Structures are given as structure tokens and as C-alpha cells.
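# can't give you the sequence, but here's the structure:
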């Protein structure tokens, strides 16, 4: 049509296009330069020449800033920086140690505990921490009512103290009395050997009664149908810990800063903590690699070696976990103890651990890690022996094996089960060797898997596990086998009764033989096969010299040592 | 024009009612329930039953629906089961992030898409045309999350040009007034904060804007080609009008009608793209929040979100229709 014209147009368009490309490239360069300078500038504050701002990736927002109404790790991680309980843990272990209580004594019958408190401690709002504050906290928990009692709210109080003031017969707690400013006496309704250990949970942190009152921590707003976070739980957590609350930008980050009047003294290297919410595990790793964060928890097993090789500091936690293969006895074949024994013999735990679980994982012989009271060194074990497994199957009437559903969760990574799909593949191959054909039943973790495995009877073999909350045997075996549950589908009154009895015994020494026996009974009964105690790892930037890893995640960031 | 707008707003009501019923039923029929998601692996069946009772999930669906709508009419969107915060508050805190991201993504898509489409059409059948067609085809085919991943891997992790995730470097202690971070920095004269927020927006915006970009390129190209061949353009040429006038007033203006519609539709679709983009870049907008709500079956959030999306879609459509009037006077008369 107009050849000359279109050639001219073409050229100018070409020029424009190349200008555009050049412009884009240029701006990308400028942008990147600024990005770097920006980060460098931000990195030179804090004492002793180290950058006192520590950025840790959390996988989600905390559920609440009021730890009494929480049971999740992300909430507790934040709580541990701001709050302290009467009891803490011995560094690096799950054993109880003095914290706000210097010492304690229990009466002969295990019904009365006298706590000697640290003196001169103040809450972040300037009010005194004393015996009255202790009793105010105990009474607060005891008087939770309505929706506050739900498992989604006061989970730990409900689980461990069994009842609230509206049901005093069931309640473990009876009363608390401040015999002096520095001495609180807690009286129980019935013996509870795990009482002191339980108090190390952040759910039982000491909170400022004045702040709880001022910001309506007990005024569960909203309706009973939908409890809302209280003002206190949204933005006024007030404890005695080494860090104070600064702000919560929901979905983004929580900021804490050092409590200059901390009673424990000492100036921490970490002066400001930022918990950034990064929910994708892959994204957490990338953020660490790019220097945006200083550390994160629950490193994928596949990443530990490569992160360590790349110069990052990988810190394993002592395993305080258990991964097991559950067997639903409502399924005809699995109701036969011989079949369950055969399955136990068919599994090569060593191979499973080395092929699918992280460094530091220990093979399990029972349902508690070896540091927990009642661990039985001589428990009955089922060594890997496929021939014996086949023989047992033949004895049980399945010489050619049988087929069974095998449920496993997808899209989830738990501290005790970082890669469920791999564990499943490994186990199903091993079971196949002895003639047990598995029907693959993958389910999404939330909400399908747990519903299917824990609430219904429509499952056969399944994978599940647990991370201990605090050092207590009942917190492991009691949870699994303390009552009839759809998960395992058996009713063994002897085991249920033995667990109930052991729980009620007042001293740990008396509990030990009972739990050893229980572990043996469970091993003989084989309701599930204990597989491993996987070790979860954390990863940090190279400037982190040491991190106080604890098996129960009781880590306070004031103990972190930095090099720059 | 005002009457048209008024009528359209009224039509929103039956649309919303229909949508809310359909989606309420759909959400409630998803397998599982919020109780398990809420209580996690430590839940006992009794506790799950208790939760369902406390929240009213055990009542007949019809009753639940009317309770919900009743509250909605009073402006009560309910409380998120997972976070214990009012749904409206949750949206309000996250909305600015998504709007900011969507605006930048749109600027990227429109700013490059229209010129590129136009360029392709005016070089029909030649290099620029072919390459833009191929590029837009790639743009449409590559999944958002994959593109996001590649961008992040190359430009953020390997080259370190951009931050990997988030909306702002947490070490910058920025003041937030409006929660639009870029704007906040300008308002408080914290240029660093603004700049940092922009840097955090670049990669997610490219990831989110690529599909709209590709579609805009194609529609612009097709539309310009069509208009170029129209009789009135030929007449204009024959009359000896200046090429500049022909292209600006005749071709581009007329070609923009379908493009505007497309932009409107794409704006609505940005939300679904945001779910993936915001997840990959740990960007705390409503996209990521929606994803969490789906995983947790947080009914109040999902329901609130549906109402929200329906309103947003309708408003965007309205805006598109109104802007037709500005582009094409004939529409105004109708």
C-alpha cells in the first residue's frame, strides 16, 4: 500500500523497541544495585559490632499472643521470647528446670506444691511478679468457661488439668495460695506426677494480671460460636521474658525488642527479633540463601546436606519425636496379632531411616524417645526378618499374603515425618517383599487425612507420629493408647487401665517401673509399629555461631551467639 | 450514564443472592471440616464434635445459610475460625497488598501489552509480529507458579537483583499509614521504604502480569488488524488524512473497545493468579490468605471472600462498561 511509509514506521518502531529493551535492562540494573546497597546499609547496628536484628522465618502467624489459648509451635516460639513460666527446661534437654520459681517442693502425697519464687522480677508493664500473680494465673486457667474451654482454645489446660471450675470433681487443680510475696502453694485435687514438667509449657506462662485485666484477656468477645481474639491476645502480651512485644503486622511479621530491665540480666546480642511469616518451606530456604532471613526451623531432610555444604549452619535437635506405622484392627487381617507381628518383622527400620529420614534420626523400638521416663531397654523387639514375617503370615492363614489399604498424608511435612510420600513408598516396597500388597490411599493432610485416620474406621495401615510437648510419658503413650480410638480400632482394657493408673502415680520414681511394663505390654500387643525418632533440624546464616537447640523447642533467642 | 450505573448496581443484588447460595453449598460440601484443620493432629473426635457444635456446623445447611445472610446484612462477615479475627478486619489488612500488586501487574501488562500488540499488527506477518505471537503464546502457556519460581530463582536467588519474598525488608523500620507500602513511603518521606517496597513488587508483578500481558498483546493485535482493514479506515486514507491521525483517532481508539473488556476481565482474574504468586513470594495479600482459608476450610473467610469477589467482579465490569462510553460515544447514547 504505502511501502515507503511502512519502512519508515518499521524503523522507528524498531528503535522504540530497542529503546524499550535497553530501558528495561537498565532499570533492572539500577534496581538491583539499590537492592544491594539497601541491605548493606541495614546491617550495621547493635552492640559489639554485630547486627542485633535477628530475622527468623516462621511458617505461620502465631494463633494468638495469649499462650494460654494456644497449642501450636509458632505461637509458642514467639511466646517463649516474651513469657516465662514457673518452670523452664534444662538447656538442651526436656527436663524441667527452675525459671521464675527458684525451687519447689511437693508434699508426700503429691497433692501440694510449694514454689519459691525469684524476687525483684517485674512484668513488662512494670507491675510486680509475685505469688499473687502466680495464683492469679492459675485461677484464670481454672476459671475458663464456655468456648474458652474448647480444645481449640485452652487445649493444654484442658488436657492436663482435666477440668475447670464448673466441674471441680474432674479437675486436677484445686487452689493456689500466696503464703508470702515469694512463695506460692498450689494444691491439687488428685495426684499428677507430670505436674512440674507440664508447667514448662508456654501455655502455662506467667502473664501480668494487670495487663490481662486491662486488655480484657478473659472477655472472650464475639459469640460463643466464633470467639474472637481479645485485645490482649491481639496486641498486648505482657510477660517477664527477655523480649518485649513491639508489633504484629498480621500475615507479615512480628517484632520484639530486648527487655532492658530483664531480671535475668545480661545484654543479649540479639536486640531485636523479627519473625517473618513465610509459609512455603522452599521459600524459607531461598530466603535464607539470599540473606533475607537469618534462620528457620524444620529444614527439609533433602536440604540439610546441601545447606551445610553451602556454608550455612545446620543445627539438629535431639529427637523428641516418634513416627509409627498404625494398624487399624477393625480390618480383619490386622486384628490378628500374628499378622501385626509379621508386619513388624517385615520392616527394615535401618533402611527406612537411612533412605528417607534426616541425619540424626534414631531407630525406634517403642513409642517414647530414650530420654523419656519409663523407656524400656529390654523391650520386646521385632528384628527385620522377611522369612519369619512370611512364616507368621502363613500361620495366620495368609500364605500368599493379602492386600490392605495404606493411608498416608500428602502435601505436609511434620517434624516426625518430613516426607510422608517417601516413607510410604519405602514401606510399601518392604511389605510387598513378604506378600502384603498395599492399596495406595493418599489423602491431603488437612483436613482429609486426619479425619479419615483419627475419626473414622475407613483405613488400614497408616502413618502418623508425634512430637512431645514436654517430658512426660503419658504425653506419648497415653495419647496413643490410653483409650479406645478409631485410629487403632482396638479395645484393650488392661492397657487402658495401666495407663490411667500410671498417670495418677505421684512421683516419677514410682512411675518408672509402671511405664516400663506398659511399654513392654504395648510392644507385645503391637497396635502399631514404632519406626523412628526423626531429628528435626534448623538452619541459620553463617553469622550465627550458636543456637540453643532444644528437643522441645524451648529456645530463647537471648542465648543466640552471633559473629557479625 | 448515572441511570445505567444505578441499574447495574441494583442488578448486583440478585446476582449476589444467587452466587452466595451456590457457593455456600459448594464450600460446605467440600470434604472434611474446619474442626480437624483447626485442632490439628492432637484432636480427639469429641473435641471435633464440640467445635462443630459450638460453631453451628452441625445444624441444617439451610439454617446455617440464613444465619449467615442475616449477619451479613448487618455488616457482620463473621470471625475467621483459624485466626480468631473478624473476616472484614482480615481483608482490610491484606487488601492493600493485593491491590498494590495488582495495580503494578496491570501497569506492566497494559504498558507493554498494548504497544507490543499494536507493533505486531502494524508489522503483520513479519518478524515483530511473529515474535510477539510466539511470546504471547509462551506467556499464556507457562503456569503462573512456574514463572514465579523461575523469576525468583534466576533474578532473586542466583543474581540477587531483587528480594526473594515479602513486601518490604523487615529490617527497614517503615511507618505504615495506608498499608499501601509504596504510597506510605512517599507520604512519610521515607524514600528508602518506598523504593524497597517497589523492589519487592517487581518480580511478583511480572509473574502475575504475564498472562494478562500475553492476552492483551493478542487481543490488541487482532483488534488493530481488524480495524485497520475496516472501510472507514480505508476511506480516511483515501481522503488523504495524515497517517498519525488515522492511527490515533481511527485505528487505536476503535481497537481499544475489546481490549478494554479484556483488561476488565483480566483484572478480575488477577485474584486467582494472586493466590499462586503471593504464595511463591510470601506476599501477605488476600491471595495467600484465601489459600490458607481453603486449606483450613475456614468457612467464614471463604464465604466472605466469595461475596467480596462477586462484588469486586461486578464493580470491575461496571467500570469497564462506563469506560466504553468514553471510548465509544455510541455506547453512551444507548
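That came through, no problem. The structure presented is a predicted model; accordingly, all values stated were derived computationally and were not measured.
# now the chain, which segments are flagged as low pLDDT?
Because you didn't say which chain, this covers chain A. For chain A, the stretches flagged by pLDDT under 70 are A:1-48, A:220-227, A:446-447.
# Chain B, not that one
B:1, B:31-33, B:36-44, B:330-334.
# So which residue is dead centre in it?
residue B:270 (2.6 Å; Cα atoms, centre = their mean).
# And for residue B:11, the neighbour number?
Neighbour count for residue B:11, taken as other Cβ atoms under 10 Å in any protein chain shown: 12. (Each C-beta comes from the backbone N, C-alpha and C, glycine too.)
# Make sure it is indeed in a helix.
Yes - looking at residue B:11 with DSSP: H, G, I helix; E, B strand; the rest coil, it is inside a helix.
# contacting residues for the residue nearest to the centre of chain B?
B:102, B:105, B:106, B:208, B:212 (Cβ atoms under 8 Å, 6 or more residues apart in numbering or on different chains).
# Residue B:212 is in contact with the first one, correct?
No - with contact defined as Cβ atoms under 8 Å, residue B:102 does not count as touching residue B:212 (9.8 Å).
# overlap in contacts of those two?
The contact lists of residue B:102 and residue B:212 share B:267, B:270, where a contact means Cβ under 8 Å, 6+ apart.
# which of those two has more neighbours?
residue B:212 (26 against 23).
# so what's the residue in the stretch 251-400 of chain A that chain B sits nearest to up against?
Residue nearest to chain B within the stretch 251-400 of chain A (Cβ to the nearest Cβ): residue A:251, separated by 3.3 Å. Listed by Cβ under 8 Å, 6+ apart, the contact partners of residue A:251 are A:61, A:277, B:93, B:94, B:97, B:284, B:288, B:289.
# hmm, which two among these are most spread apart?
Greatest spatial distance among the contacts of residue A:251 (Cβ to Cβ): A:61 and B:97, at 14.4 Å.
# who has more neighbours, these two?
Taking neighbours as other Cβ under 10 Å, residue A:61 and residue B:97 compare with residue B:97 leading, 27 against 24.
# Can you give me the separation between the more buried one and residue B:6?
Applying Cβ to Cβ, to the nearest Å, the value for residue B:97 to residue B:6 is 32 Å.
# what's the answer for residue B:99, then?
Taken as Cβ to Cβ, the span from residue B:99 to residue B:6 is 26 Å.
# Of the two, which one has the most company?
Higher neighbour count among residue B:99 and residue B:6: residue B:99, with 15 against 10, using other Cβ under 10 Å.
# and residue 143, how many neighbours does it have?
You didn't pick a chain, so chain A it is. Around residue A:143 there are 12 residues (other Cβ under 10 Å).
# Switch to chain B, please.
10.
# Likewise for residue A:237?
30.
# The closest residue to it other than its chain neighbours: which element?
Leaving aside its sequence neighbours, residue A:237 sits nearest to residue A:65 (Cβ to Cβ, 6 or more residues apart in numbering or on different chains; 4.1 Å). Using DSSP states H and E, residue A:65 sits in no helix or strand.
# Could you tell me how far residue A:65 is located from chain B?
11 Å (Cβ to the nearest Cβ, to the nearest Å).
# Kindly provide the distance from that residue to residue A:426.
41 Å.
# Quick check: residue A:106 touching residue A:113?
Yes - the criterion here is Cβ under 8 Å, and residue A:106 meets it with residue A:113 at 5.0 Å.
# Which residues are in contact with each of the two?
Contacts common to residue A:106 and residue A:113, judged by Cβ under 8 Å, 6+ apart, are A:195, A:196.
# thinking again about what came up before, show the subsequent helix or strand relative to whichever strand or helix holds the residue nearest to the centre of chain B.
Following DSSP H and E, one finds residue B:270 within helix B:253-280. Following helix B:253-280 in sequence order, the next helix or strand is helix B:286-296 (DSSP H and E).
# Output the contacting helices and strands for that next one.
Secondary-structure packing of helix B:286-296 (3 or more Cβ pairs under 8 Å, 6 or more residues apart in numbering or on different chains; DSSP states H and E): helix B:34-39, helix B:87-122, helix B:253-280, helix B:299-327.
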